[in-house]
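K.L.:
how would this look folded up:
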Amino acid sequence: MRKIILSVILITILLLSIFSISFVTESKTLGAHVVELKMDTGDTAWMVVATALVLLMTPGLGFFYGGMVGKKNVISTMLQSFMAMVIVTVLWVVIAFGLCFGPSIGGFIGDPTSNIFFQGVSANTAWELAPTIPFLLFALFQAKFAIITPALITGAFAERVRFWAYLLFMVLFILLVYAPLCHMTWHPDGLFFGWGVLDFAGGTVVHMSAGWAALAGAIFLGKRKVQKVNPARITYVLLGTGLLWFGWFGFNAGSAVGAGSLAAQALGTTTVAAASAAMAWVFLDKILGHKLSAMGACIGAVVGLVAITPAAGFVSIPHALAIGIIAAVISNLVVSKFPKGKIDDALDVFACHGVGGMVGMLLTGVFASKSVNSIVGDNQGLIFGDATLFLIQLKALVLVSIFAFGVSYALFFIVNKITPLRVSEEKEELGLDISQHGEFL
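P.N.:
Have a look, this model is predicted:
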């Protein structure tokens, strides 16, 4: 049956792409929020680079996660990230981009029919909020955010998930969790956008959604047979951290959608938050009586990158230092107190990405300043004496948490009914590299 389904999918996409000219036509008029392109070659050049940098984060994540798992699961864990680049890219072109940025349906989701197979996504027009770069480039930049989000989730159910079931979950997650959150947060007609929620590069859309989905997956799949394993390659973790940090400049500074002062500000806040978080993590480890470890430094840096993501273009450099330190301390304590005997979040995805994203969203409501970004307006952060923005961020945080966890858990339940999510005990003991892919280190 699986062979038939896969054959039908391949043939359908092939035929639709070949004969798309018969049902997909380039729009003669500009759609909602699509404007005439005012090409700036500097902005365009930077966004091409930023798009490539964000894509690099996903193989970086593969190394980061792959080095943490046991030796018999390295290939499968890394391949889960790699296949996100493959599957989500195709899905994005076919329908997902329209769900995120198509004409709004009630502020909750986009109408995909206007952008199916990238209809109307031209290199000669522009998105309203990025008027100096081609609309096509904006769409491809946004695709890289969608790619890494389900890849982040995989760390929670590492070493026990069936690969084909993961692929099905990934498709459903993009369509039913990521797309609505992306539309509500970043589309000018989106619900959260209208409220004034500030999320510069993905605190809600990427990290909170992935973190809550990871927790749902860890709970649904249950514990591994052997929870404590020696990391296969700590050098992979170091390499992955370096690639993530490097790529994150595209992630955050690229979200300025131009090569201007805002991009420089976001780059600055990104790097200092990562550094301060890594420092705080290893210092806290020492305070708590642990050794200063390479794993700790790497995890701390990533937590800092996560936490600064929603705030990167809204806060000052000193406040970015504070965000990194606060996020690292909170996530470190959550990792140490997490009920690992009951919930097996294998690589602490919820404690790092989920909690880090939530801390970042709230601290955006504390430190956002109109002197950094005029879009903040009069509703500045709590530290400037106004609680309005903080309460808006808090309301969005609560709603996103409920939505992401609830829908993700339902998707795990549905996927498990279609095809078992968890490998058998024998295959788990053998290792996913051999049992799922017939390969090994």
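K.L.:
from what I can see Phe64 touches Gly247, true?
P.N.:
No: contact status for Phe64 versus Gly247: not in contact, 11.1 Å apart, counting by Cβ atoms under 8 Å. The way it works is simple: take the backbone N, C-alpha and C, and place the C-beta from them, glycine included.
K.L.:
tell me the average confidence for the strand or helix carrying Leu15?
P.N.:
Assigned by DSSP states H and E, Leu15 belongs to helix 2-18. This predicted structure assigns helix 2-18 an average pLDDT of 90.
K.L.:
Flag every buried residue along that helix.
P.N.:
Along helix 2-18, not one residue counts as buried under the neighbour rule (16 or more other Cβ atoms under 10 Å).
K.L.:
What residues sit buried inside stretch 38-50?
P.N.:
In stretch 38-50, the ones that count as buried by 16+ other Cβ under 10 Å are 40, 43-44, 46-48, 50.
K.L.:
quick one: contacts for Val306?
P.N.:
203, 207, 327, 352-353, 356-357, 360 (Cβ atoms under 8 Å, 6 or more residues apart in numbering).
K.L.:
Report the two of these separated the most.
P.N.:
Taking Cβ to Cβ, the two most distant members of the contacts of Val306 are Gly203 and Cys352; they sit 13.3 Å apart.
K.L.:
Which of those two has more residues huddled nearby?
P.N.:
Of the pair Gly203 and Cys352, Gly203 is the one with more neighbours under other Cβ atoms under 10 Å, namely 33 against 28.
K.L.:
and the strand or helix carrying Val86, how far out from the chain's middle?
P.N.:
For Val86, the element it lies in under DSSP H and E is helix 74-91. Between the centre of helix 74-91 and the centre of its host chain there is 14 Å, according to Cα atoms, centre = their mean, to the nearest Å.
K.L.:
buried sites along that helix?
P.N.:
So helix 74-91, judged by 16+ other Cβ under 10 Å, has buried residues 74-81, 83-85, 87-89, 91.
K.L.:
cool, stretch 89-101 as well?
P.N.:
By neighbour count with 16+ other Cβ under 10 Å, stretch 89-101 contains the buried residues 89, 91-101.
K.L.:
can I get those in a markdown table with distance to Gly211, pLDDT and secondary structure?
P.N.:
As requested, the buried residues of stretch 89-101 are exported to a markdown table (distance: Cβ to Cβ, whole Å; pLDDT from 0 to 100; DSSP: H, G, I helix; E, B strand; the rest coil):
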| residue | distance to Gly211 | pLDDT | secondary structure |
| --- | --- | --- | --- |
| Thr89 | 23 | 98 | helix |
| Leu91 | 22 | 98 | helix |
| Trp92 | 22 | 98 | helix |
| Val93 | 27 | 97 | helix |
| Val94 | 27 | 96 | helix |
| Ile95 | 25 | 96 | helix |
| Ala96 | 21 | 97 | helix |
| Phe97 | 24 | 97 | helix |
| Gly98 | 26 | 96 | helix |
| Leu99 | 21 | 97 | helix |
| Cys100 | 20 | 97 | helix |
| Phe101 | 24 | 97 | helix |
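K.L.:
how about stretch 91-107 as PDB, C-alpha atoms only?
P.N.:
Taking only C-alpha atoms (Å, rounded to 0.1, in the frame of the first residue of the first chain), the coordinates of stretch 91-107 have been written out as PDB:
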ATOM      1  CA  LEU A  91       5.200  21.200   0.100                       C
ATOM      2  CA  TRP A  92       5.900  24.900   0.400                       C
ATOM      3  CA  VAL A  93       5.800  25.400  -3.300                       C
ATOM      4  CA  VAL A  94       2.700  23.300  -3.900                       C
ATOM      5  CA  ILE A  95       0.400  24.700  -1.100                       C
ATOM      6  CA  ALA A  96       2.000  25.800   2.200                       C
ATOM      7  CA  PHE A  97       3.200  29.200   1.100                       C
ATOM      8  CA  GLY A  98      -0.300  30.200   0.200                       C
ATOM      9  CA  LEU A  99      -1.600  29.000   3.500                       C
ATOM     10  CA  CYS A 100       1.000  31.200   5.200                       C
ATOM     11  CA  PHE A 101       0.900  34.400   3.100                       C
ATOM     12  CA  GLY A 102      -2.100  34.000   0.800                       C
ATOM     13  CA  PRO A 103      -5.200  36.300   1.200                       C
ATOM     14  CA  SER A 104      -6.400  36.000   4.800                       C
ATOM     15  CA  ILE A 105      -9.300  33.900   5.800                       C
ATOM     16  CA  GLY A 106     -10.500  35.400   9.100                       C
ATOM     17  CA  GLY A 107      -7.000  36.300  10.200                       C
END
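K.L.:
Tell me who's in contact with the nearest residue to Ile95 once chain neighbours are set aside.
P.N.:
The shortest distance from Ile95 to any residue other than its chain neighbours is 4.7 Å, reached at Pro112 (Cβ to Cβ, 6 or more residues apart in numbering). Under the criterion of Cβ under 8 Å, 6+ apart, the contact list for Pro112 reads 95-99, 102.
K.L.:
which one of those is nearest Asp433?
P.N.:
Taking Cβ to Cβ as the measure, Ala96 is the one of the contacts of Pro112 closest to Asp433, at 29.7 Å.
K.L.:
got a list of what that closest one touches?
P.N.:
Listed by Cβ under 8 Å, 6+ apart, the contact partners of Ala96 are 88, 112, 146, 174-175, 178-179.
K.L.:
Then Gly217?
P.N.:
Gly217 sits next to 153, 156-157, 161, 408, 412 when contact means Cβ under 8 Å, 6+ apart.
K.L.:
what two of those residues are the furthest from one another?
P.N.:
Between all members of those, the longest pairwise span (Cβ to Cβ) is found for Val161 and Ser408 and amounts to 13.8 Å.
K.L.:
Quick check: end-to-end length of stretch 101-113?
P.N.:
Start and end residues of stretch 101-113 are separated by 11 Å (Cα to Cα, to the nearest Å).
K.L.:
Flag every buried residue along it.
P.N.:
Taking 16+ other Cβ under 10 Å as the neighbour-count basis, stretch 101-113 is seen to contain the buried residues 101-104, 107, 109-110, 112.
K.L.:
any idea where the strands of the stretch 51-200 of the chain begin and end?
P.N.:
Along the stretch 51-200 of the chain, the segments classed as strands by DSSP state E, counting those that start in this stretch run 104-105, 109-110, 125-127.
K.L.:
Buried residues, stretch 399-417. List them.
P.N.:
399-401, 403-405, 407-409, 411-412, 415-416.
K.L.:
on that earlier part again, and after the helix holding Leu15, which helix or strand comes next?
P.N.:
With DSSP H and E setting the assignment, the helix or strand that follows helix 2-18 is strand 34-36.
K.L.:
Where does pLDDT dip in this structure?
P.N.:
Within the chain, the stretches falling below the threshold (pLDDT under 70) are 23-29.
K.L.:
hey, which helix is longest across it?
P.N.:
helix 388-418 (DSSP state H).
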